[in-house]
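*Asks:* Based on what follows, work out the 3D shape:
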Amino acid sequence: MRELGIAEWLLSLVLPADRAASVVGDFAEEADERGLVWFWLCVLRTVGSRVWSDLVESPFYLGGVVLRGYFLSGLGTLCCFVGFAVAMAPIFIATAWLEHEKVLTTSFAKEAVEFLTAVIGTAAMAVAAFQTGRWIAQRAPRREMTACVMMCAAWPLMFNYPSIGYWFPGNLIVCLSLVYVSLFAGAWRVRRGAAC
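*Replies:* All right, here's what the predicted structure looks like:
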């Protein structure tokens, strides 16, 4: 069943792979009698309880990892943004020159610069989030997903999202979703590499 593979992958984010396989097997046996909804509720409850128990076992350690992760993410975003801006400088210069020479209209040039800024900013934040996820996974092995969940839950408290929307004028929800997915992808990559 395809559901078993997805459930096993989901549980392997918070449990060792062999334990995740046995838990999914136990749930699958019961699911024949209780149904598919019961199966998925048990899988999600197991993930949630594992994240909660990791948080309760070491809240200060994970909090410290998350706080350092925020600083690393901010520094990484700044470095990536500067790197992308330097790489895109010829395009910005060409756009300004074409506008000055009246080849491009001012509104088109402004829209082009805003679009490039949104793309560069989103890419910088995604790259920084991916590297932050990798860093978190190395500092909190077997609890990296809990740390990532904590970071995503507390991110609105740390940053003023409307100000991010000012600097990255694209769709803010898409931008933040990409950042969250990148954070988890970085942590998952390290976790998967450690399991091999």
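*Asks:* Give me the domain ranges for this structure.
*Replies:* 2-56, 59-195 (automatic domain parsing).
*Asks:* which stretch in the ones you listed has the least confidence?
*Replies:* Looking at the domains of the chain, the lowest mean pLDDT belongs to domain 59-195 (a mean of 76).
*Asks:* rewinding a little: can the domains of the chain go into CSV with extra columns for mean neighbour count?
*Replies:* From N, CA and C alone the C-beta is placed, and that goes for glycine too. Formatted as CSV, these follow (neighbours: other Cβ atoms under 10 Å):
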stretch, mean neighbour count
domain 2-56, 15
domain 59-195, 16
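*Asks:* What ranges does the protein have for its helices?
*Replies:* With DSSP state H as the criterion, the chain has helices at 2-12, 17-34, 36-57, 59-100, 106-139, 144-158, 161-167, 172-195.
*Asks:* residues making contact with the third one?
*Replies:* Pointing back at helix 36-57 there. With contacts defined as Cβ atoms under 8 Å, 6 or more residues apart in numbering, helix 36-57 is touched by 3, 7, 10-11, 13-15, 23-24, 27-28, 30-31, 62, 143, 145-146, 149-150.
*Asks:* Now do that helix and helix 59-100, the angle between them.
*Replies:* Helix 36-57 and helix 59-100 are oriented at 100 degrees to each other (axes from the mean of the first three to the mean of the last three Cα atoms, to 10 degrees).
*Asks:* Please save the CA atoms from helix 36-57 in CSV.
*Replies:* Listed next in CSV are the C-alpha coordinates belonging to helix 36-57 (Å, rounded to 0.1, in the frame of the first residue of the first chain):
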residue,chain,number,x,y,z
LEU,A,36,-7.9,4.3,7.2
VAL,A,37,-8.9,7.5,9.2
TRP,A,38,-7.9,5.7,12.4
PHE,A,39,-4.6,4.7,10.8
TRP,A,40,-3.7,8.2,9.9
LEU,A,41,-4.8,9.7,13.2
CYS,A,42,-2.5,7.2,15.0
VAL,A,43,0.4,8.1,12.7
LEU,A,44,-0.1,11.8,13.2
ARG,A,45,-0.6,11.4,17.0
THR,A,46,2.7,9.4,17.2
VAL,A,47,4.6,12.1,15.3
GLY,A,48,3.1,14.8,17.5
SER,A,49,3.8,12.9,20.8
ARG,A,50,7.4,12.2,19.7
VAL,A,51,7.9,15.9,19.0
TRP,A,52,6.3,16.8,22.3
SER,A,53,8.4,14.3,24.3
ASP,A,54,11.6,15.6,22.6
LEU,A,55,10.6,19.1,23.6
VAL,A,56,9.8,18.1,27.2
GLU,A,57,13.0,16.1,27.6
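*Asks:* mind listing what the closest residue to L178 other than its chain neighbours touches?
*Replies:* Closest residue to L178 apart from its sequence neighbours, by Cβ to Cβ, 6 or more residues apart in numbering: A126 at 5.0 Å. Neighbouring residues of A126 by Cβ under 8 Å, 6+ apart: L178, V179, S182.
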